[in-house]
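Q: What follows is a predicted structure for the sequence shown.
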Amino acid sequence: MSVDNHLVRAMCEFCFAQADNGFAHHGMTVDDFSRLKLAKAMGAAFQRASSTISELAEGRYAPDDVLIGAGSANGELAGHSKTAAAKTRTSAGKSPPLTLTGLFGDWWREAQAAGRKPSTHESYQSTVKSLVAFLKHDDAKRITAEGMVIICGVTEGRTS
């Protein structure tokens, strides 16, 4: 067995072990397909982290682009960069709107790195555009749970 094949096998085993640990930690029993999906997602995350660490080690980064930790001790996800945090402040100290299209774009970058197909992007983008058109705004902060129930009812033909 070549060194490359040995490394690939070891990485696969590591990703599956991490997936199994995650499921066990949460007391979950899953089918093989779900186990495979999580192992692949973990592999993609490890690859992104490895690439980021390599770039940082070589001095290739802009200080504002370094990601804040992916998670915190209380289980909340950060996932925001210092650049994004800085952009949320304006000269008046107010936060600009958090846009649905911006959130979609951020999601797509992660989904694409995880192997989502372009057809997924097209379908979801169409849905986001329709939602923005229906709402007549692109401000994610203005959306409430009650509003989403109404939107879902309209799209399913239950209300007008």
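A: Now that the structure is in, tell me what you want to look at.
Q: could you point out where this structure is predicted with low confidence?
A: 61-97, 155, 157-160 (pLDDT under 70).
Q: any idea how far T127 is from A133?
A: 11 Å (Cβ to Cβ, to the nearest Å). The way it works is simple: take the backbone N, C-alpha and C, and place the C-beta from them, glycine included.
Q: ugh, wrong one, I meant I143
A: With Cβ to Cβ as the criterion, I143 and A133 are 14 Å apart.
Q: Ok, C152 next?
A: Taken as Cβ to Cβ, the span from C152 to A133 is 16 Å.
Q: now L38
A: From L38 to A133 the distance is 35 Å (Cβ to Cβ).
Q: These two - which one has more neighbours?
A: More neighbours surround L38 than the other of L38 and A133, with 19 against 10 (other Cβ atoms under 10 Å).
Q: And T99, its phi and psi?
A: phi -90, psi 150 (degrees, to the nearest 10).
Q: give the contact list for it.
A: Shown in contact with T99 (Cβ atoms under 8 Å, 6 or more residues apart in numbering): D138, D139, A140.
Q: what's across from it in the sheet?
A: Beta-bridge partners for T99, by DSSP bridges, are D139.
Q: For F104, the count of nearby residues, please.
A: 20.
Q: so it sits right up against Y124, yeah?
A: Yes: using Cβ atoms under 8 Å, F104 is in contact with Y124, at 6.8 Å.
Q: Now the longest helix belonging to the chain: buried residues?
A: Looking across the chain with DSSP state H, the single longest helix is helix 32-57. For helix 32-57, a neighbour-count test (16 or more other Cβ atoms under 10 Å) marks R35, L38, A39, K40, M42, G43, A45 as buried.
Q: Stretch 8-24 now?
A: C15, F16, Q18, A19.
Q: Nearest spatial neighbour of the third one, chain-adjacent residues omitted?
A: Spatially, and ignoring its direct neighbours in sequence, Q18 is nearest to M42 (5.0 Å; Cβ to Cβ, 6 or more residues apart in numbering).
Q: Done for today, thanks.
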